[in-house]
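> 3D model of this:
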Amino acid sequence: MKIIAHRGNKRYAPENTMAAFYSAAGYDVDGIEFDLQLTKDLVPVIIHDPTIDRTTNGRGSVSSFTLNELKQFDAGQRFHDSFRGETIPSFKEFLLWASDYSFTLHIELKLQKSNADLLIRETVKDLEHFEMIDRAVISSFQHGYLEQIKSLNPHLETALLTKTPIFRAVKYAEKMSADGIHIRYNIQNSRFFRRWSNKGVPVRAYHVRKPGQLLLCDKLGVSGIITDDPRAMKSAAERILK
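Model prediction:
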């Protein structure tokens, strides 16, 4: 069972910041999940929301600022004053740091109202430049993005990201050039999880927060969990999984 830190160690550090990623890496997680979208000057940066309102001391859409402008906003103080000075990381900044580790990169591409093709191309190009194609899994709720990723580099692993049940999921995944499925652990009948896993499709469950949920995922053949609390889930896995 792989333990993947959702937006870094977001329970104990401000999400999608280098502080959260450092913290997650300290627990020797199997993967770190984060979100990508483009700035005004078309640089991929790591942030979840389309605006900076919730996670920084600024206001406005991510796409309305250049990278240098975004770096002026504080992305840590709202979480706790001890994180004052944390900034929104660029993708390249993260990749440079991640080069010293071995965890898998779980990259969620966010919806882009414009320049989606450029976000996809820049993401693939940066992974190739840092020689991390074999360490990356790219997912998105925008399933059409996955076909474009595969057309640029067929060696990249991709995954459908879904909030709702999927009918004939394996066939649909194949149609959308997806290698795996990322799905909330409790939104589909358990027999489908087993069926997908038995067919060799990687299934990763998100919003797993409790030991009982972890145990259920293990019984269903889930290959990894995406969790807000990697420390607790690592401890639970060592304690209850054989």
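> secondary structure class for the residue nearest the centre of the chain?
Nearest to the geometric centre of the chain sits residue 33, at 2.9 Å (Cα atoms, centre = their mean). Per DSSP: H, G, I helix; E, B strand; the rest coil, the secondary structure class of residue 33 is strand.
> okay, it: pLDDT?
At residue 33, the predicted lDDT confidence score is 98.
> ok, now which ones touch it?
Going by Cβ atoms under 8 Å, 6 or more residues apart in numbering, residue 33 touches 4-7, 106-108, 226. Backbone N, C-alpha and C define where each C-beta goes, glycine included.
> Can you tell me, leaving aside adjacent residues, what's nearest to it?
Spatial nearest neighbour of residue 33, chain neighbours left out: residue 106 (3.9 Å); criterion: Cβ to Cβ, 6 or more residues apart in numbering.
> quick one: the helix or strand of the chain with the lowest mean pLDDT to chain centroid distance?
The helix or strand of the chain with the lowest confidence, counting by mean pLDDT, DSSP states H and E, is helix 190-198 at a mean of 85. Chain-centre distance of helix 190-198: 22 Å, with Cα atoms, centre = their mean, to the nearest Å.
> Check stretch 98-111 too.
7 Å.
> Using PDB, write out every CA atom in that stretch.
Extracted in PDB, the C-alpha atoms of stretch 98-111 (Å, rounded to 0.1, in the frame of the first residue of the first chain):
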ATOM      1  CA  ALA A  98      12.600  16.600  -5.700                       C
ATOM      2  CA  SER A  99      15.700  15.500  -7.700                       C
ATOM      3  CA  ASP A 100      17.300  14.600  -4.400                       C
ATOM      4  CA  TYR A 101      14.500  12.100  -3.400                       C
ATOM      5  CA  SER A 102      12.900   9.000  -4.900                       C
ATOM      6  CA  PHE A 103       9.200   9.500  -4.200                       C
ATOM      7  CA  THR A 104       6.700   9.400  -7.000                       C
ATOM      8  CA  LEU A 105       5.200  12.700  -8.300                       C
ATOM      9  CA  HIS A 106       1.400  12.700  -8.400                       C
ATOM     10  CA  ILE A 107       0.600  15.700 -10.500                       C
ATOM     11  CA  GLU A 108      -3.000  17.000 -10.900                       C
ATOM     12  CA  LEU A 109      -3.500  19.300 -13.900                       C
ATOM     13  CA  LYS A 110      -6.200  21.800 -13.000                       C
ATOM     14  CA  LEU A 111      -8.800  23.100 -15.400                       C
END
